[in-house]
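**Q** 3D, please:
(chains A and B)
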Amino acid sequence: MTEKATLETILTRYDRDPANIISILQDIQTEANWLPEEDLRYVCAQMEIPLSKMMALATFYKAFSLEPRGKHIVSVCLGTACHVRGAQRIAGAVERELGIQSGETDADLQWTLETVGCLGACALGPIVVVDGEYHGQMTSAKATRLLSKIKKADGNGAG
Amino acid sequence: MVHRLKGPDDLARLREQLQGQRDPNKPCLAICAGTGCQAYGVGRVIAAFEEELEKHGLTNQVEVLATGCPGFCERGPLVVVRPAGIFYQRVQVKDVPDIVQQTIVNGQVIERLLYDDPLTGEKIVNEKDIPFYKQQRREILWINGQLDPTRIEDYIALGGYRALVKALLEMSPEEVVDAIKRSGLRGRGGAGFPTGRKWESCRQADDQTKYIICNADEGDPGAFMDRAVLEGNPHSVLEGMIIGAYAIGSHLGYIYVRNEYPMAVENAALALDAARALGLLGEDILGSGFDFDLQIRRGGGAFVCGESSALMQSLQGNVGEPQAKYVRSVERGLWERPTVLNNVETLANVPLIIAKGWEAYANIGTESSKGTKIFSLVGKINNTGLVEVPMGVSLRQIIFDIGGGIPGGKAFKAVQTGGPSGGCIPEDMLDLPVDFDELSKVGSMMGSGGMIVMDEGTCMVDIARYFLDFLKEESCGKCVPCREGIARSLEILNRICQGKGRPEDMDLLEELSETIQGFSLCALGRTAPNPVLSTLKYFRDEYEAHIFERRCPAGVCKALIEYWIDPELCTGCGACTRVCPQEAILGEKKAAHSVTRSDCIKCGACYDVCRFEAIAIRSVGIEPVPAVEAN
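**A** Here you go, the predicted model:
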């Protein structure tokens, strides 16, 4: 669970207003990298929100993860512009390199693979974002190289 | 030190003072720092300029201006050297010392960094002569390249917040509504509802509490004009919102912005703080007696939240499910109060209309669609970027004259407008004037302005499948026709793409589409079949090739293609062998290689890596499914 003091800071930031619940969850996820069950239970209790509603929100909005995410987050853009430039091939290469499917995290919590609708940097398509950094004009070979380089930099324990 | 502006005179004085501090002859490096150029690594270029200028002792003599996105993403990172207006493209860190030494110090133009017109081969020096810009009418976008979006001072010096003064102090709210109505401005988010009429209805609604919301939840894949405006010139959106709030009588507003746009969120937040510090937001704005404030809310990554009633649910802290509109939101919207929801680009048009007068605005565009529209031109196109043109310009002008046509000598096939709600328009309709009504007539729609160009290498059945795949994920699931209808349509399209299509599938798709269109609550469902219907209408032959001949003419659908190495072109360099994850490519060094079909997973890695165009995608016909199974 995230530290109680941190959760309290976040709740105070939004005046404990239930209308701000999405912002609150976003800030918790920024802290914890996912939404731990204990955090959600705590917020529900503090804000008098039924757990059922909390689960509805946390599962409806794609931005939220109810499972721990990896150290590195890889996002493959599947926007239309990237799609017509072969983004599916890139996604396939990334899946093979990381050994996980889109939406999954590996067992060692090193990698999470996501896809995104469009990042709006279409001139650079196909795009892969690794830990917030954009990599444009991708080919399957370039994507594979990029990821194996990060793996190497992380040392052998990186899976 | 900023002081709260107590009245219009204070603002005018501040503007004069800011303009006085600016020397129009001072050399300035205007560098695009928008999301696109950031992705190209412009952050490092800007840092390199600062370092290089310091080395030359020029830090105080040369201004480095990190601007909003001017739109020519294809050629980023973009650097314009002012006042001469020299336009350098694809600038890298290694080019920085040359630009400082040769252009800033010696006043010379560096040939290799200039834009060369692919049509004439001519090198173009000046920004204003670049054909991509020259054929546009950049009423909104021009300012992006002139200012640092994080500095309110820049916006004010360029005349910003003048329209606000005019609206608040010289016009009654009714007059503002009237001006917007007469201007002919229609909502830029997609539906094209007349903005003035929306404002008027909300103004007339009988309630003390009203809201104005800026919809910056730009979710259409391939559309990024709202992001460019909000991150590149946030104050224009703010100014439009304050004017709108005054017109309808609202004192609190929200900007609902997509969380995938971190820079837009950040720049909008900075803009709010700066406007508040100057008293352009808050109580008694510019001594007018009018109070208004704004909050920013980030979306949660749900496409459907771009729909007005879903967006309002999300703002209230609920799941973003669209609601039935028995009562319009201008009467009962957010928290059951009268609410106006406008798109980013719509709001950015408002200050222009007020400042220049509605007459000038109504002179631009067509009979039914006024003003300019920003399109994001992407996909298989030479000049990817943002294009602002008067309504009524033809698709052909946008794609071929401004966009520079299709790369690699390939043939144009279709342009997709309107995002997942829109349709694919074939070549023989390219002379269509682009406005709200014309695009709807041919089964597409304006949408927010995404324009995805497709060439002969794009499979139209796959495109329909792609959009339904997107919509299946994004349907909120409330209405059965949308939730189940999209999923079933997708199953049919998947089997067609796999070469298992049945003769009756096209009729079945049309029938399902009719049900989805007719019986879904919100626009997501009602327009979801457009990509299917428009491709069925204009590219039926491709469906037929998939279903009856089991072949994909464009060479996209995996089950219907194979990779083949042309022994005439293969040099035996081995690049493909090294990237093949299956070890399916065999061949001696320097001799022609070949693909072992049984091992190939068709990942395309070899195709991407071959420098000799020796690897080709071939359509393979699969044996037709026996008639018994087809029924």
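
**Q** since we're on B:Arg611, how many residues are nearby?
**A** For B:Arg611, the count of nearby residues is 8 (other C-beta atoms under 10 Å in any protein chain shown). Placement of C-beta: from N, CA and C, glycine included.

**Q** State the three-state secondary structure for it.
**A** The three-state label for B:Arg611, taken from DSSP: H, G, I helix; E, B strand; the rest coil, comes out as coil.

**Q** That one and chain A, how far apart?
**A** Look at B:Arg611 and chain A: by C-beta to the nearest C-beta, to the nearest Å, they are 12 Å apart.

**Q** Quick check: that residue touching B:Ala575?
**A** Yes: contact status for B:Arg611 versus B:Ala575: in contact at 6.9 Å, counting by C-beta atoms under 8 Å.

**Q** pLDDT score for residue 126?
**A** Assuming you mean chain A. Predicted confidence (pLDDT) at A:Pro126: the value is 93.

**Q** that's the other chain; I wanted chain B
**A** Reported pLDDT for B:Asn126: 95.

**Q** Who are the contact partners of it?
**A** Counting by C-beta atoms under 8 Å, 6 or more residues apart in numbering or on different chains, B:Asn126 makes contact with B:84-87.

**Q** So which of the residues you listed wins on neighbours?
**A** Highest neighbour count within the contacts of B:Asn126, by other C-beta under 10 Å: B:Phe87, with 24 neighbours.

**Q** Kindly provide the distance from that one to B:Val125.
**A** With distances defined as C-beta to C-beta, to the nearest Å, the gap from B:Phe87 to B:Val125 amounts to 7 Å.

**Q** same thing with B:Ala167?
**A** 41 Å.

**Q** What of A:Thr144?
**A** In this structure, A:Thr144 lies at 41 Å from B:Val125, with C-beta to C-beta as the measure.

**Q** So for these two, which sits in the more crowded spot?
**A** A:Thr144 (20 against 16).

**Q** which SS state does B:Phe375 fall under?
**A** Secondary structure of B:Phe375, reduced to three states by three-state DSSP: strand.

**Q** Just the pLDDT at it, thanks.
**A** 95.

**Q** now the one 3 residues further on
**A** At B:Val378 the predicted local distance difference test score is 94.

**Q** tell me which residues form a beta bridge with it?
**A** Under the criterion DSSP bridges, B:Val378 forms beta bridges with B:Ile452.

**Q** Give the residues shared as contacts by B:Phe87 and B:Val125.
**A** Taking C-beta under 8 Å, 6+ apart as the contact definition, B:Phe87 and B:Val125 share the neighbouring residues B:Leu114.

**Q** just to revisit the earlier point, and which of the contacts of B:Asn126 is nearest chain A?
**A** Sorting these by distance to chain A puts B:Phe87 at the head of the list, at 16.6 Å, by C-beta to the nearest C-beta.

**Q** which non-adjacent residue is nearest that closest one?
**A** Spatially, and ignoring its direct neighbours in sequence, B:Phe87 is nearest to B:Glu127 (4.1 Å; C-beta to C-beta, 6 or more residues apart in numbering or on different chains).

**Q** Wait, that neighbour touches B:Val80, no?
**A** Yes: the pair B:Glu127 / B:Val80 is scored as a contact, 5.2 Å apart, by C-beta under 8 Å.

**Q** list residues touching both of these two?
**A** The overlap between the contact sets of B:Glu127 and B:Val80 (C-beta under 8 Å, 6+ apart) consists of B:86-87.

**Q** now for the longest helix seen in chain A, which elements pack on it?
**A** Counting residues, the longest helix found in chain A (DSSP state H) is helix A:140-153. In terms of contacts (3 or more C-beta pairs under 8 Å, 6 or more residues apart in numbering or on different chains; DSSP states H and E), helix A:140-153 is packed against helix A:87-98, strand A:128-130, strand A:133-135, helix B:575-579, helix B:605-609.

**Q** just checking, what packs against the last one?
**A** If you count contacts as 3+ C-beta pairs under 8 Å, 6+ apart, helix B:605-609 packs onto helix A:87-98, helix A:140-153, helix B:575-579, strand B:615-619.

**Q** Those: which one's closest to B:Val62?
**A** helix A:140-153 (35.6 Å; C-beta to C-beta).

**Q** Show me which residues of that closest one are buried.
**A** Using 16 or more other C-beta atoms under 10 Å in any protein chain shown as the burial criterion, the residues of helix A:140-153 that qualify are A:140-144, A:146-147, A:150-151.

**Q** hey, where'd the helices end up in the stretch 251-400 of chain B?
**A** Using DSSP state H, counting those that start in this stretch, the helices of the stretch 251-400 of chain B run over B:262-277, B:308-315, B:344-356, B:358-362, B:395-396.

**Q** nope, chain A is what I meant
**A** Remark: helices of chain A, listed N- to C-terminal, are A:4-13, A:21-32, A:37-47, A:51-60, A:80-84, A:87-98, A:140-153; assignment by DSSP H.

**Q** can I get those in CSV with mean pLDDT?
**A** Formatted as CSV, those follow (pLDDT from 0 to 100):
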stretch, mean pLDDT
helix A:4-13, 96
helix A:21-32, 95
helix A:37-47, 96
helix A:51-60, 96
helix A:80-84, 90
helix A:87-98, 93
helix A:140-153, 92
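
**Q** out of those helices, deepest packed?
**A** Of the helices of chain A, the one with the most neighbours on average (mean count of other C-beta atoms under 10 Å in any protein chain shown) is helix A:80-84, at a mean of 30.

**Q** Work out the gap between that one and the centre of the chain.
**A** With C-alpha atoms, centre = their mean, to the nearest Å as the basis, the distance from the averaged C-alpha position of helix A:80-84 to the chain average is 21 Å.

**Q** what about the residue of chain A lying at maximal distance from its centre, distance to B:Lys602?
**A** Going by C-alpha atoms, centre = their mean, the residue of chain A most distant from its centre is A:Glu48, 27.6 Å out. Distance of A:Glu48 to B:Lys602, given as C-beta to C-beta: 54 Å.

**Q** Check B:Glu50 too.
**A** Noted for B:Glu50: a distance of 48 Å to B:Lys602, by C-beta to C-beta.

**Q** neighbour-wise, which of these two wins?
**A** Shown here are B:Glu50 and B:Lys602; by other C-beta under 10 Å, B:Lys602 has more neighbours (19 against 15).

**Q** tell me which element that one falls in.
**A** Here B:Lys602, judged by DSSP states H and E, is contained in no helix and no strand.

**Q** isn't it right next to B:Trp564, touching?
**A** No: B:Lys602 is not in contact with B:Trp564 according to C-beta under 8 Å; the separation is 11.4 Å.

**Q** ok, residue 96 - contacts?
**A** Picked chain A for this. Here A:Arg96 is in contact with A:144, B:581, B:603 (C-beta under 8 Å, 6+ apart).

**Q** Actually, chain B is the one I wanted.
**A** Counted by C-beta under 8 Å, 6+ apart, B:Val96 has contacts B:45, B:48-49, B:52.

**Q** likewise B:Lys590?
**A** Residues counted as contacts of B:Lys590 (C-beta under 8 Å, 6+ apart) are B:571-573.

**Q** For A:Val128, see how far away the most centrally placed residue in chain A is.
**A** For chain A, the residue whose C-alpha lies nearest the mean C-alpha position (C-alpha atoms, centre = their mean) is A:Ile73; its distance is 5.9 Å. Separation of A:Ile73 from A:Val128 (C-beta to C-beta): 11 Å.

**Q** Please apply the same query to B:Asp293.
**A** Remark: distance between B:Asp293 and A:Val128 (C-beta to C-beta) = 40 Å.

**Q** And B:Gly572, by the same measure?
**A** In this structure, B:Gly572 and A:Val128 are 30 Å apart, going by C-beta to C-beta.
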